[in-house]
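**Student:** my questions concern the predicted model and sequence given below.
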Amino acid sequence: MVWDISGKMSKNLISKHQSYYLIIAFASLVITIPIFYLATLYFYTQDIDEILLVRKSNFIANHLDDLNEMDIITINKYSSNSRIIKNSKLNKDSIYTTYIYNKYEQESEPYRVLESPIQIKGRNFIYSTKTNLLESEDLFVTIILLFSSILLLLLVGMYLIQKRVSTRLWQPFYNTLDKIEKYELNKSKNPDFTTTDITEFNFLNDSITKLIEKNKQIYDNQSEFLENATHELQTPIAIFKVQLDMLIQSPDISDNMAEKLSKVNDTISRLSRINKNLLLLSKIEKENIDNEEQISLKQLIIRQIDIFKEIQYKKTETINLNLEKDIIIIGNKALFEILINNLIMNSIRHSDESATIKIEITGNKLIVSNTGISRSLSKNIFERFSKDETKNEGTGLGLSIIKKIVQLYNFKIEYIYKNDLHTFILDFNEIGKELNILDLK
């Protein structure tokens, strides 16, 4: 059993196929055994009846004409299977099954009995002959058990063979699924699907390849457009900002106009940051990052806190550091500066005036926590332009950039809200690439 993306329990294809086979096999077993039992019982009874009728025919042909009353008494006294009794009503052969008590075995035993009307010296009699079914019944039960065992072994054998064959037949399909699951659109290399001798799987692989190529082309076009657009916007934004700064500093404008121009300047600054962040996201997604080096996470955090204090950024005096340990990472230092900067900046912006921001390294994890709004942030906080509606600061890209950097280096980040405490946990233990972490100190 597995869980699908909707949270519901589901089975894989082979298990689903096997479950249908087991249901059909069990139903076949339940239906076939009673049918075989009834059919065998019917034919067995027919054979017994034929034996009784042959016995009767032999008696009539060989003994009936010579019988007298003394012979009848002798047959009734000494024969265990045949009797001759007076007839009052029977006018045709009658065959039935009955149980007769065996005083030696002290139990009732099943018998098949034939009663046939005969005439001896002009008088009506009944010739009765019987056959014990007990030994035959034991043989019959043995045959049923043997048949059931063979049928059961056959079904189990077919199940195991079918399971092995199904696994081999569907292996190309699961290989395709595995390659699709590991495929990332921003990687340059498309998955290479293996050609099989099954037409449907080859058709599936060809269709997926065409779909990937089409989406890759669309993705590349969008990435190129975004990168070109952000590059082209940098110059006019910079020129506009310089001209606006010069206008604000002009002595000819009123205080009211200067205040309005200042707000416009803030908006332009935010637009410039958004533009730079979008360009950074584009580079990260394309993994266009180099200049990797050893980075001390502890020193990086301390340096970023010092920068905040130098520019007298708000609430830096409420940051509580617990950095007794250190984590040495291999990566692009500028990216990790942005990561740490955005984490700290996010906590500062979403904390209240009396809040304490705590930054600590515990084991393989960096934990940044703060008190703030008395509710959990949006579940989509790592998506682009996802912002708290109560906060107007920021570009809505900070946490998205953090997420992309974390994914680039195969780390893990999660957000937890508990007891009015907002916590971001950066886990360096979730590593897909070796040597992203060199040492823990």
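**Tutor:** Looks like it came in fine. Residues are numbered from 1 along each chain as shown.

**Student:** chain neighbours aside, what residue packs nearest to the residue with the largest distance to the centre of the chain?
**Tutor:** No residue in the chain sits farther from the centre than residue 121, which is 87.4 Å out by Cα atoms, centre = their mean. Spatial nearest neighbour of residue 121, chain neighbours left out: residue 68 (7.3 Å); criterion: Cβ to Cβ, 6 or more residues apart in numbering. C-beta here means a position set from N, CA and C on the backbone, and glycine is covered the same way.

**Student:** what's the distance between the one you found and residue 221?
**Tutor:** Distance from residue 68 to residue 221, counting by Cβ to Cβ, to the nearest Å: 117 Å.

**Student:** circling back to that earlier point, could you pull up phi and psi at the residue farthest from the centre of the chain?
**Tutor:** phi 60, psi 40 (degrees, to the nearest 10).

**Student:** one more: the one 4 residues further on?
**Tutor:** Backbone dihedrals for residue 125, given as degrees, to the nearest 10, come out at phi -130, psi 170.

**Student:** which ones are touching it?
**Tutor:** Each residue near residue 125 by Cβ atoms under 8 Å, 6 or more residues apart in numbering is listed here: 72, 84, 85, 86, 87, 117, 118, 119.

**Student:** and residue 190, that's in a strand?
**Tutor:** No. Counting by DSSP: H, G, I helix; E, B strand; the rest coil, residue 190 is located in no strand; its state is coil.

**Student:** can I assume it is in contact with residue 214?
**Tutor:** No. Contact criterion Cβ atoms under 8 Å: residue 190 and residue 214 do not qualify, at 11.2 Å.

**Student:** higher neighbour count, the two?
**Tutor:** Neighbours of residue 190 and residue 214, each counted by other Cβ atoms under 10 Å, are more numerous for residue 190; the result is 14 against 10.

**Student:** per-residue pLDDT, that one?
**Tutor:** At residue 190, the predicted lDDT confidence score is 79.

**Student:** so the nearest residue to it once chain neighbours are set aside is in which element?
**Tutor:** Once flanking residues are discounted, residue 190 sits nearest to residue 212: 5.5 Å by Cβ to Cβ, 6+ apart. Residue 212 is part of helix 199-248, with elements assigned from DSSP states H and E.

**Student:** so which elements touch that helix?
**Tutor:** With contacts taken as 3 or more Cβ pairs under 8 Å, 6 or more residues apart in numbering; DSSP states H and E, helix 199-248 sits against helix 134-182, helix 255-285.

**Student:** mind giving me the domain ranges of this protein?
**Tutor:** As recorded under automatic domain parsing, the domains making up the chain are 1-182, 199-281, 291-440.

**Student:** one step back: average pLDDT across the helix holding residue 212?
**Tutor:** Summarised as a single mean, pLDDT over helix 199-248 is 80.

**Student:** what's the span of stretch 320-337 from first residue to last?
**Tutor:** 19 Å (Cα to Cα, to the nearest Å).

**Student:** pretty sure the residue farthest from the centre of the chain contacts residue 66?
**Tutor:** No. Residue 121 lies out of contact with residue 66 (Cβ under 8 Å); the separation is 10.8 Å.

**Student:** let me have the helices and strands packed on helix 199-248 in a markdown table, adding distance to residue 297 as columns.
**Tutor:** Formatted as a markdown table, the helices and strands packed on helix 199-248 follow (distance: least, Cβ to Cβ, whole Å):
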| stretch | distance to residue 297 |
| --- | --- |
| helix 134-182 | 29 |
| helix 255-285 | 19 |
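
**Student:** pick the most deeply packed of those helices.
**Tutor:** Highest mean neighbour count among the helices and strands packed on helix 199-248 (mean count of other Cβ atoms under 10 Å): helix 255-285, with a mean of 15.

**Student:** can you give me how far that one is from the chain middle?
**Tutor:** Relative to the chain's own centre, helix 255-285 is displaced by 45 Å; criterion: Cα atoms, centre = their mean, to the nearest Å.

**Student:** tilt between it and helix 199-248?
**Tutor:** Per axes from the mean of the first three to the mean of the last three Cα atoms, to 10 degrees, the angle that helix 255-285 makes with helix 199-248 is 150 degrees.

**Student:** buried residues in the helix or strand just after helix 255-285?
**Tutor:** Next along the chain after helix 255-285, taking DSSP H and E as the criterion, comes strand 292-296. Applying a neighbour-count criterion of 16 or more other Cβ atoms under 10 Å, the buried positions in strand 292-296 are residue 295.

**Student:** biggest strand in this structure by residues?
**Tutor:** Longest strand in the chain, counting residues (DSSP state E): strand 107-120.

**Student:** okay, that one in CSV with CA atoms only?
**Tutor:** Extracted C-alpha coordinates of strand 107-120, given in CSV (Å, rounded to 0.1, in the frame of the first residue of the first chain):
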residue,chain,number,x,y,z
GLU,A,107,-23.0,-46.8,14.0
SER,A,108,-25.4,-46.2,11.1
GLU,A,109,-23.9,-46.7,7.7
PRO,A,110,-25.1,-45.5,4.3
TYR,A,111,-26.5,-48.0,1.8
ARG,A,112,-27.8,-47.8,-1.7
VAL,A,113,-30.9,-50.1,-2.0
LEU,A,114,-32.7,-51.6,-5.0
GLU,A,115,-36.2,-53.0,-4.6
SER,A,116,-37.7,-54.8,-7.6
PRO,A,117,-41.1,-56.6,-7.9
ILE,A,118,-40.8,-60.3,-8.9
GLN,A,119,-43.1,-63.4,-9.1
ILE,A,120,-42.3,-66.7,-7.5
